[in-house]
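In: this one's structure only:
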Ligand code: 4AD
Ligand code: MG
């Protein structure tokens with residue numbers, strides 16, 4: 001008999017047929033009712049054991065967490081809460097689970113406790129729902145770009161250039177610690193190292209992606225990136241996944257359109273394809289919100305928030321306008337911001353971004369034309385000589401979800417900028433070549449995949465939307 005998934009059985013109306021299913025016991029109640037889950041859906045199938053004719057020793061082994069193989073008859077359920085159930089005729093324990101030792105009991109565990117058991121937390125409803133949504137979101141990312149003529153590029157994870165300036169880097173070396181050879185100056189002699197130079201884990205695939213956009217036209221990356229910044233926040237990981245489209249002949253307006261269209265597509269995709277998981281997560285968030293004081297509660301449910309983003313235009317605001325709004329805002333005047341906004345040129349902190357999105361505009365915001373000196377060297381200088389064609393997409397509850405720009409395509413302007421920032425031309429010779437040979441207007445952005453998953457699932461902490469989070473002092477598993 002071929003095995004069916006729980007999802008198939010729950011959707012089937014093949015009553016009175018023999019079926020086979022394998023999965024893990026979520027609960028076993030009254031020595032009779034097994035709630036079985038196999039990961040194919042958040043929903044369990046109820047399997048009814050004929051306990052009077054079942055060996056007592058076997059009944060004892062039907063414990064939470066045990067892997068079982070079940071054969072039986074699919075019948076219309078008598079009980080509430082499910083349409084079908086299986087009347088068990090044959091039950092085999094494939095793998096026992098000792099209830100005295102198994103950490104994932106059928107009760108509410110704290111997210112902190114589950115983080116310490118990241119290898120088992122996927123067996124809970126919350127984490128299986130989050131990770132199924134994450135999987136569907138990555139599929140939607142590829143679908144969006146593939147359907148729109150983009151080529152998927154795998155940029156290197158080990159990189160020899162550290163000029164991006166996006167954050168602190170993790171070094172990569174084949175030297176044994178303490179045994180690295182030194183040069184005459186007493187510094188580690190990387191010439192003798194594996195790559196013959198100092199190398200790092202990449203903070204972004206952008207610079208390499210740009211070279212590919214200059215031939216393939218439209219490209220995107222989707223891979224792991226690494227930042228050694230010591231940010232212990234609910235929005236930062238040391239290892240995270242980034243999606244970076246890069247498009248030739250596209251200016252900043254096109255870049256804003258692309259980011260908005262892309263985000264709406266992938267969120268729309270999960271609304272349509274993750275209904276059960278999102279319904280569960282929506283309810284989870286609503287319960288969580290109830291434990292907060294009234295004033296801090298969100299006005300919208302998770303599903304309403306996602307629909308709102310999909311159905312409404314993002315507000316596009318220049319940095320200069322944003323500074324005016326912030327300077328005159330209530331929290332600024334009442335000195336409620338940790339970093340008060342006094343003048344043009346200030347870097348925006350997440351408290352400011354969230355004020356703009358959550359309090360002032362109450363919708364996603366795209367901020368553009370930032371001061372040149374708070375943004376990266378490769379962003380295109382505007383006519384005013386002091387702002388660059390940068391854009392950040394800011395999301396409610398998340399803050400910055402996308403950072404991008406129109407790139408500086410003029411060789412002379414780019415070189416001047418690099419000189420001013422002390423960036424070695426020699427090190428980026430290959431990047432400068434793109435501006436020497438057939439340079440063209442081009443733009444792109446980076447979207448932090450985990451921040452997107454956070455938004456789609458309503459999870460408050462970024463550590464709960466990646467299977468095995470890497471954060472300061474934490475690389476277990
Ligand atoms: O704004 P960032 O630093 O931009 C870049 O790296 C550009 N090279 C992207 C490009 O134009 N191709 O990072 C992009 C996004 C952020 O908006 C944020 O969503 C996410 O990456 N991000 C992080 N996510 C989790 N943990 C961290 N430590 C993150 N740092 C950035
Ligand atoms: Mg950024």
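Out: Ah, there it is. What you are looking at is a predicted structure, and each value in this text was computed from that prediction instead of being measured. Numbering: from 1, shown residues only. Ligands and ions are numbered 1, 2, ... in the order given.
In: For the stretch 201-350 of the chain, just list every one of the strands.
Out: 218-226, 239-248, 315-318 (DSSP state E, counting those that start in this stretch).
In: what mean pLDDT does the second one have?
Out: When pLDDT is averaged over strand 239-248, the result is 98.
In: now the first one
Out: The average of the pLDDT scores along strand 218-226 is 98.
In: returning to what we had before: turn the strands of the stretch 201-350 of the chain into JSON lines, including distance to ligand 1 and mean neighbour count.
Out: Placement of C-beta: from N, CA and C, glycine included. Shown next, in JSON lines, are these (distance: least, Cβ to the nearest ligand atom, whole Å; neighbours: other Cβ atoms under 10 Å):
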{"stretch": "strand 218-226", "distance to ligand 1": "7", "mean neighbour count": "21"}
{"stretch": "strand 239-248", "distance to ligand 1": "4", "mean neighbour count": "23"}
{"stretch": "strand 315-318", "distance to ligand 1": "17", "mean neighbour count": "16"}
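In: out of those strands, nearest to residue 284?
Out: strand 239-248 (23.0 Å; Cβ to Cβ).
In: ok, back up a step: so for residue 347, which of the strands of the stretch 201-350 of the chain sits nearest?
Out: Per Cβ to Cβ, nearest to residue 347 of the strands of the stretch 201-350 of the chain: strand 315-318, 15.6 Å.
In: What strands line up against that closest one, and which way round?
Out: Counting by DSSP bridges, the strands paired with strand 315-318 are strand 365-371 (parallel).
In: List the buried residues in the strand it pairs with.
Out: 365-371 (16 or more other Cβ atoms under 10 Å).
In: same check, this time on stretch 297-305
Out: So stretch 297-305, judged by 16+ other Cβ under 10 Å, has buried residues 298, 301-303, 305.
In: what does it rub up against?
Out: For stretch 297-305, the external contacting residues (Cβ atoms under 8 Å, 6 or more residues apart in numbering) are 271, 278-279, 281-282, 285-286, 289-290, 308, 396-397, 455, 457-458.
In: For that stretch, what does the pLDDT average out to?
Out: Mean pLDDT, stretch 297-305: 93.
In: Which strand residues bridge the closest residue to residue 89 other than its chain neighbours?
Out: Distance criterion Cβ to Cβ, 6 or more residues apart in numbering; nearest residue to residue 89, sequence neighbours excluded, is residue 72 at 4.8 Å. Using DSSP bridges, the bridge partners assigned to residue 72 are residue 19, residue 88.
In: Pull the contacting residues for residue 72.
Out: Counting by Cβ under 8 Å, 6+ apart, residue 72 has contacts 18-19, 47, 86-90.
In: tell me the SS of the residue of the stretch 251-400 of the chain found nearest ligand 1?
Out: Of all residues in the stretch 251-400 of the chain, residue 400 sits closest to ligand 1, at 4.5 Å by Cβ to the nearest ligand atom. Here residue 400 is recorded as strand under DSSP: H, G, I helix; E, B strand; the rest coil.
In: what about it, neighbour count?
Out: Using other Cβ atoms under 10 Å, residue 400 has 18 other residues around it.
In: just the one 4 residues further on next, same as before
Out: Here the number of neighbours of residue 404 (other Cβ under 10 Å) works out to 27.
In: which residues does it contact?
Out: Residue 404 touches 255, 259, 390-392, 443-446, counting by Cβ under 8 Å, 6+ apart.
In: got the phi/psi numbers for it?
Out: Main-chain dihedrals, residue 404, degrees, to the nearest 10: phi -160, psi -170.
In: Ok, residue 423 next?
Out: According to degrees, to the nearest 10, residue 423 has phi -90, psi 130.
In: Same check on residue 33?
Out: Residue torsions, per degrees, to the nearest 10, at residue 33 are phi -110, psi 110.
In: can you pull the contacts of it?
Out: Residue 33 sits next to 27, 46-49 when contact means Cβ under 8 Å, 6+ apart.
In: what about it, distance to ligand 1?
Out: 42 Å (Cβ to the nearest ligand atom, to the nearest Å).
In: Could you check the pLDDT of that residue?
Out: As predicted, residue 33 sits at a pLDDT of 96.
In: returning to that earlier point: pretty sure the residue of the stretch 251-400 of the chain closest to ligand 1 sits against residue 370.
Out: No: in this structure, residue 400 is not within contact of residue 370 by Cβ atoms under 8 Å, at 11.8 Å.
In: who touches both of those two?
Out: With contacts taken as Cβ under 8 Å, 6+ apart, residue 400 and residue 370 have residue 392 as neighbours in common.
In: The closest residue to residue 91 other than its chain neighbours is in what secondary structure piece?
Out: Nearest non-adjacent residue to residue 91, counting by Cβ to Cβ, 6+ apart: residue 70, 5.5 Å away. Following DSSP states H and E, the helix or strand that holds residue 70 is strand 67-76.
In: Mind listing what's buried along that strand?
Out: Buried residues in strand 67-76, counted by 16+ other Cβ under 10 Å: 68, 70-72, 74.
In: residues from this protein in reach of ligand 1?
Out: 166, 204, 206, 227, 236-237, 240, 242, 244, 400-405, 444-448, 450-451 (Cβ under 6 Å from any ligand atom).
In: Could you pick out the buried ones from these?
Out: If you count burial by 16+ other Cβ under 10 Å, the buried members of these come out as 166, 204, 206, 227, 236-237, 240, 242, 244, 400-405, 444-448, 450-451.
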